[in-house]
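A.B. asks: sequence and predicted structure, then a few things I'm wondering about:
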Amino acid sequence: MTRKSALLKLLAGGHVDLLTRKQAGLGTNVVLRYNDLVKLLTAEVKAKGKFPFEFDGSIPQDGMCIVRKGWHYVCMSCRTRADCPTAEAERSESCYFFCASAVRNYLRWNLNLPGSLDGIKVI
């Protein structure tokens, strides 16, 4: 696994085991810069048009995603009901003209960055 793919998996909310992270150069003593993560994720969203997934609307799922729609980027979040996980409790959308603004919103509200990304310090 490359450093970029490991970072993208972590930014998508996934987990990368410690051995794989160390092989990718992301040990516990690594400090990541917030602006570098913004640049990485902005390039990924511009290339693929979405990150990490796109809500299809058929089955509600907890989480947040960024989707390109026309000339703007939409940061969408969805939460399911605790008593019925197949029912949507709430959904919100925020529109941004710049991709980096949508990425900053995603990093702040979905991953609470700057801070800790799966044990890796982000400043």
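C.D. replies: Okay, I see it.

A.B. asks: residue with max distance from the center of this structure?
C.D. replies: No residue in the chain has its C-alpha farther from the mean C-alpha position than Asp83, which lies at 26.1 Å (CA atoms, centre = their mean).

A.B. asks: what sits up against the lengthiest helix in the chain?
C.D. replies: For the chain, the helix with the greatest residue count under DSSP state H is helix 34-48. Here helix 34-48 makes contact (CB atoms under 8 Å, 6 or more residues apart in numbering) with 4, 7-8, 11, 51, 66, 68, 73, 99-100, 102-104, 106-107, 113-114, 117, 122-123. No exception for glycine: its C-beta is placed from N, CA and C like everyone else's.

A.B. asks: now stretch 14-22
C.D. replies: For stretch 14-22, using CB under 8 Å, 6+ apart, the contacting residues are Met1, Ala6, Lys9, Leu10, Ala24, Leu26, Gly27, Thr28, Asp118, Ile120.

A.B. asks: can you add neighbour count and give these back as a markdown table?
C.D. replies: Formatted as a markdown table, those follow (neighbours: other CB atoms under 10 Å):
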| residue | neighbour count |
| --- | --- |
| Met1 | 14 |
| Ala6 | 19 |
| Lys9 | 18 |
| Leu10 | 20 |
| Ala24 | 18 |
| Leu26 | 22 |
| Gly27 | 12 |
| Thr28 | 11 |
| Asp118 | 17 |
| Ile120 | 18 |
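
A.B. asks: flag every buried residue along the longest helix of the chain.
C.D. replies: Under the neighbour-count criterion of 16 or more other CB atoms under 10 Å, helix 34-48 has Tyr34, Leu37, Val38, Leu40, Leu41, Thr42, Glu44, Val45 buried.

A.B. asks: repeat that for stretch 8-17.
C.D. replies: Across stretch 8-17, burial judged by 16+ other CB under 10 Å covers Leu8, Lys9, Leu10, Leu11, Ala12, Val16.

A.B. asks: next: stretch 69-78.
C.D. replies: Within stretch 69-78, judged by 16+ other CB under 10 Å, the buried ones are Tyr73, Val74, Cys75, Met76, Ser77, Cys78.

A.B. asks: what about these, which are in strands?
C.D. replies: Using DSSP state E, the members of the buried residues of stretch 69-78 that fall within strands are Tyr73, Val74, Cys75, Met76, Ser77, Cys78.

A.B. asks: cool, thanks, talk later.
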